[in-house]
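J.: make a model of this:
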Amino acid sequence: MLNPHVYLSPDASLKRLEAPYVYQRATDDLVEVSEEAFGFLQDCVCGTPAAQADADFLARCLNEGLLERHPETVYRRQGVAVGDAPSLRYLLVHLTSRCNLSCAHCYCGEAGSEDLSAFRFRRMLEEFESGGGLRLLLSGGEPLLHPHFWQLNDMLPSYDVRVVLCTNGTLLDRRAAMRLNAHEVQVSLDGLETSHDALRGPGSFRRALGGLRVAREVGLQVSVASTVNAFNLRDFRQLAVLIAELDVWQWTIDVPADAGRCLDHPELQAPLDEAVAVLDYAIPAGIHNDNEGHLCGAHMATVLPDGSVAKCGLLSTVRGGILEDGLHAAWMALPHPSVDSLGEPCRSCAFVATCRGGCRYRAGGLHSGGPDPVQCCRLAAT
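T.: All right, here's what the predicted structure looks like:
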């Protein structure tokens, strides 16, 4: 006899953020629902009679994979995660300052030997999940060089968050890819082979491409991050063909900021109008941002290898505390400036609600009030 109960999908999580949501980790979809629907989905965590739901709503949830039927009773640990306001949805974690490359444009500067401890990592995961976190991005340095990376990796399946490994791809072989507890692997490709290797070192392009391909072959979603510079400006049309062949989930393209090693290489700077023109090749994915009154990074923080919680990797000196004080205490202690805090010409710009001031580092600092030249140039071209 068919079990008359329906259950919340193991891939779905209930998040009470600025509004009630259901989040699907595999597809990175965040769906706002009514309080009535949220209450019903909450009952479905451990199963509830299908007859209690509106037939159309039930059919939609089953079709979209939010709910599923089981022949037997199923029990789940996870309930409802409740976030702060603004909610911390994305956490970029620099697991280590170690790196096997010396990329000419790296904003992190010289590699080091500092590593986030396993104790801090676990505590951070617990708080991020319980506070409604959506996406955990593991970066570095090169994250695979963390001396205890696989210990950290083994912790990940216990938490209801989407995990993205951000890597240069050169160390990712089939054995490592099969062992990864990640939903997505993001690899940096800064142009075609000649221009990529000019930035990252001989042979790095082929190794990065190999890492992307094995991740795809073992069933992981793959994405690509690229920076625009004077070396690769003419690569993007052909690079777009390669990106399509790889069936990437997302292609992020940005203009590097004047930070780290980039300061020592002014020859990398491309004419701004030409650099901005290639940004349209990007393939966007989910950005679940409903705090329209806040500047960029309204829902994102960065954890540094020493356990500090910062506004972002570029604004690493803007810190809210350390993980020992609590991730969410540090998050709430960070500044959360609004669009209203911007100066002119941003405040009266017709695009301010969309742009939100752009990158505040490129604009001269979190509290500078000035415009981001990349965003201004891009919007002027629309």
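J.: every contact and neighbour count from this point should use C-alpha atoms.
T.: OK.
J.: and for Val22, the neighbour number?
T.: A count of neighbours around Val22, defined by other C-alpha atoms under 10 Å, yields 22.
J.: which neighbouring elements make contact with whichever strand or helix holds it?
T.: Using DSSP states H and E, Val22 falls within strand 20-24. Packed against strand 20-24 by the contact rule (3 or more C-alpha pairs under 8 Å, 6 or more residues apart in numbering; DSSP states H and E) you find strand 12-16, strand 29-32, helix 35-43.
J.: chain center to the shortest one: distance?
T.: Between the centre of strand 29-32 and the centre of its host chain there is 16 Å, according to C-alpha atoms, centre = their mean, to the nearest Å.
J.: that one pairs with which strands?
T.: For strand 29-32, the paired strands and their directions (DSSP bridges) are strand 20-24 (antiparallel).
J.: now the partner strand against strand 12-16, angle please.
T.: Using axes from the mean of the first three to the mean of the last three C-alpha atoms, to 10 degrees, the direction of strand 20-24 lies 150 degrees away from that of strand 12-16.
J.: contacts for strand 20-24, please.
T.: 11-15, 29-35, 38, 66, 134 (C-alpha atoms under 8 Å, 6 or more residues apart in numbering).
J.: Gly203: which of the helices and strands packed on strand 20-24 is closest?
T.: Across the helices and strands packed on strand 20-24, Gly203 has its closest neighbour in strand 29-32 (36.3 Å, C-alpha to C-alpha).
J.: relative to Ala240, how far out is Arg234?
T.: 11 Å (C-alpha to C-alpha, to the nearest Å).
J.: ditto for Ser158
T.: Distance from Ser158 to Ala240, by C-alpha to C-alpha: 36 Å.
J.: who's more crowded, those two?
T.: Ala240 (16 against 11).
J.: make sure the more buried one is indeed in a helix.
T.: Yes. Under DSSP: H, G, I helix; E, B strand; the rest coil, Ala240 falls within a helix.
J.: what are the buried residues along the helix or strand hosting Ala330?
T.: Using DSSP H and E, Ala330 falls within helix 327-333. Within helix 327-333, the residues scored as buried using 16 or more other C-alpha atoms under 10 Å are Leu327, His328, Ala329, Ala330, Trp331, Met332.
J.: and the second one, what does it touch?
T.: With contact set as C-alpha under 8 Å, 6+ apart, His328 has these partners: Asp84, Leu88, Glu127, Phe128, Gly131.
J.: report pLDDT for the residue nearest to Val276 when sequence neighbours are not counted.
T.: Nearest non-adjacent residue to Val276, counting by C-alpha to C-alpha, 6 or more residues apart in numbering: Arg378, 5.7 Å away. Arg378 is assigned 85 on the pLDDT scale.
J.: same deal with Ala285?
T.: pLDDT, read off for Ala285, is 71.
J.: I'd say it and Ser223 touch.
T.: No. In this structure Ala285 lies outside contact range of Ser223 using C-alpha atoms under 8 Å: 9.7 Å.
J.: intersection of neighbour lists for those two?
T.: Residues within reach of Ala285 and of Ser223 at once, by C-alpha under 8 Å, 6+ apart, are Trp249, Gln250.
J.: of the two, which one has the most company?
T.: Between Ala285 and Ser223, Ser223 has the larger neighbour count (other C-alpha under 10 Å), namely 26 against 14.
J.: what mean pLDDT does whichever strand or helix holds the more buried one get?
T.: In this structure, Ser223 sits in strand 221-227 according to DSSP H and E. If you average the pLDDT over strand 221-227, you get 97.
J.: same question, stretch 330-337
T.: According to the model, stretch 330-337 has a mean pLDDT of 93.
J.: how about residues contacting that stretch?
T.: 88, 294-295, 298, 301, 309-311, 318-323, 367.
J.: same deal with stretch 263-277?
T.: The contact list for stretch 263-277 (C-alpha under 8 Å, 6+ apart) reads Ala104, His105, Val228, Asn229, Ala230, Phe231, Leu233, Val255, Cys262, Val374, Cys377, Arg378.
J.: would TSV of the residues you listed with distance to Ala118, neighbour count and secondary structure be doable?
T.: Output for the contacts of stretch 263-277, formatted as TSV (distance: C-alpha to C-alpha, whole Å; neighbours: other C-alpha atoms under 10 Å; DSSP: H, G, I helix; E, B strand; the rest coil):
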residue	distance to Ala118	neighbour count	secondary structure
Ala104	30	18	coil
His105	30	24	coil
Val228	35	26	coil
Asn229	37	24	coil
Ala230	40	15	coil
Phe231	39	19	coil
Leu233	41	19	helix
Val255	33	18	coil
Cys262	31	20	helix
Val374	38	21	helix
Cys377	43	16	helix
Arg378	42	16	helix
